[in-house]
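Colleague: Predicted model, plus sequence, below.
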Amino acid sequence: MTEPVAKVQRLAYVRVGAPDFGDAERFLERFGLQVQYRSAERIYYRGTDPDPPCYVLGEGRGGVEAIAFEAASYEDLETLSRLEGASPVEASGDPAGGYLVRLVDPAGMTVEVVWGQNSGEALNPALPHAFNMDGLRAREGELPRIEQGASRVKRLGHLVLESADPAGLFDWYHKYFGLMISDAVRLPDQSPQMIFARLDRSETYVDHHVIGFQWALDERTRVQHVAFEVSNLDDLMSGHDHLKGGAYKHVWGIGRHLLGGQIFDYWKSPFGLIHEHWTDTDLLNNKHQAQDCQLADMKDYWGPEPTPAFLIARWNFKVVKNLFRLLKARSMAKKA
């Protein structure tokens, strides 16, 4: 297989637009992101990990306007800048500094590749504690007290990018950034419903996926959700109660995914973008062989089914037609 143009190191941040700054800011605070920088036009949020901001909020119609990866070197930026349609290497203009190159993927999503940003100090994460379970008595004489309130978001972990052609879109991200397939979920005609792709860090273990390339029922391109790691199950549950107290829309969870293994909880923001808390994930390296799964066989380990609000951003004729096709194909596959 041909070597990629560059191998990115991590998912750095998302740039998000929201029509009402006040509503967005209140949601993100309750979700557990923390303000690191603020200007008249943007708010830069971070997690507790010692990374630059992972979420940049500005005014917009509602949704992710750009995704960003961290490059391994300045030389990788120079290489990417020579691609057709790429910007020159330029100063990022963000408070964390650094340099970036902008590209546009085949589906029209802006992709920024950054290098040289200033990292912050680690913040206090949720307090861990040992569990007395599985026959292990790791917590004897200790009485943990779980802090209530917003989850302590650690970092941006992954996102799901919907499009009419997930296979073609994955190929582009593999060619330019080195993403690798962890699992692919197939429809009965063997076209992909979802491709879970991870970073290629050679023998270093990385999260099961950094982007999920999903077939869009309305065949439009959008980031369907963004996902943030929290410290542990207690922190996820505390965050769940805290968001519920804010009367925000819960769209799926709590459960444990089959592919990826994460314990998950999904919430819809006032500006329409779904945000996920997750903890625990499968970790893979270059020894992992990609797996194919059939959609008809897919079911999470435990937890409820997703709500319509999670599955469908907006209803139209194309969504109804493709949803009928999907349900029919799934029904036929189960009978086979």
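Modeller: Ah, there it is. Residues are numbered from 1 along each chain as shown.
Colleague: drop to CA atoms for contacts and neighbour counts, all remaining ones
Modeller: OK.
Colleague: Leaving out sequence neighbours, find the closest residue to residue 100.
Modeller: Distance criterion CA to CA, 6 or more residues apart in numbering; nearest residue to residue 100, sequence neighbours excluded, is residue 114 at 4.2 Å.
Colleague: Now the helix or strand encompassing the one you found: average pLDDT?
Modeller: In this structure, residue 114 sits in strand 110-115 according to DSSP states H and E. Mean pLDDT, strand 110-115: 98.
Colleague: Quick check: buried residues in it?
Modeller: By neighbour count on 16 or more other CA atoms under 10 Å, the buried set for strand 110-115 is 110, 111, 112, 113, 114, 115.
Colleague: right, and out of these, which lies closest to residue 260?
Modeller: Of all these, residue 260 sits closest to residue 111, with 24.1 Å by CA to CA.
Colleague: still on that earlier bit, which residues touch the residue nearest to residue 100?
Modeller: Residue 114 makes contact with 12, 68, 69, 70, 71, 77, 92, 98, 99, 100, 101, according to CA atoms under 8 Å, 6 or more residues apart in numbering.
Colleague: Just flag the most distant two among the residues you listed.
Modeller: With CA to CA as the measure, no two of the contacts of residue 114 lie farther apart than 12 and 77, at 14.6 Å.
Colleague: And the strands in the stretch 1-150 of the chain, which stretches?
Modeller: Counting by DSSP state E, counting those that start in this stretch, the stretch 1-150 of the chain has strands at residues 10-18, 34-38, 42-46, 55-59, 63-70, 90-91, 99-104, 110-115, 132-133, 136-137.
Colleague: what about the nearest residue to residue 228 once chain neighbours are set aside, which helix or strand?
Modeller: Distances taken as CA to CA, 6+ apart place residue 156 nearest to residue 228, at 4.5 Å, with adjacent residues excluded. In this assignment (DSSP H and E), residue 156 forms part of strand 155-163.
Colleague: any idea of the angle that strand forms with strand 55-59?
Modeller: 60 degrees (axes from the mean of the first three to the mean of the last three CA atoms, to 10 degrees).
Colleague: elements contacting strand 155-163?
Modeller: Contact here means 3 or more CA pairs under 8 Å, 6 or more residues apart in numbering; DSSP states H and E; on that basis strand 155-163 packs against strand 10-18, strand 211-215, strand 222-229.
Colleague: Could you export these as TSV, including mean pLDDT and mean neighbour count?
Modeller: Shown next, in TSV, are those (pLDDT from 0 to 100; neighbours: other CA atoms under 10 Å):
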stretch	mean pLDDT	mean neighbour count
strand 10-18	98	22
strand 211-215	96	25
strand 222-229	97	22
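Colleague: Format those strands as JSON lines; extra columns: distance to residue 258.
Modeller: Converted to JSON lines, the helices and strands packed on strand 155-163 look like this (distance: least, CA to CA, whole Å):
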{"stretch": "strand 10-18", "distance to residue 258": "22"}
{"stretch": "strand 211-215", "distance to residue 258": "14"}
{"stretch": "strand 222-229", "distance to residue 258": "16"}
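Colleague: so which of these gets nearest residue 310?
Modeller: strand 222-229 (8.6 Å).
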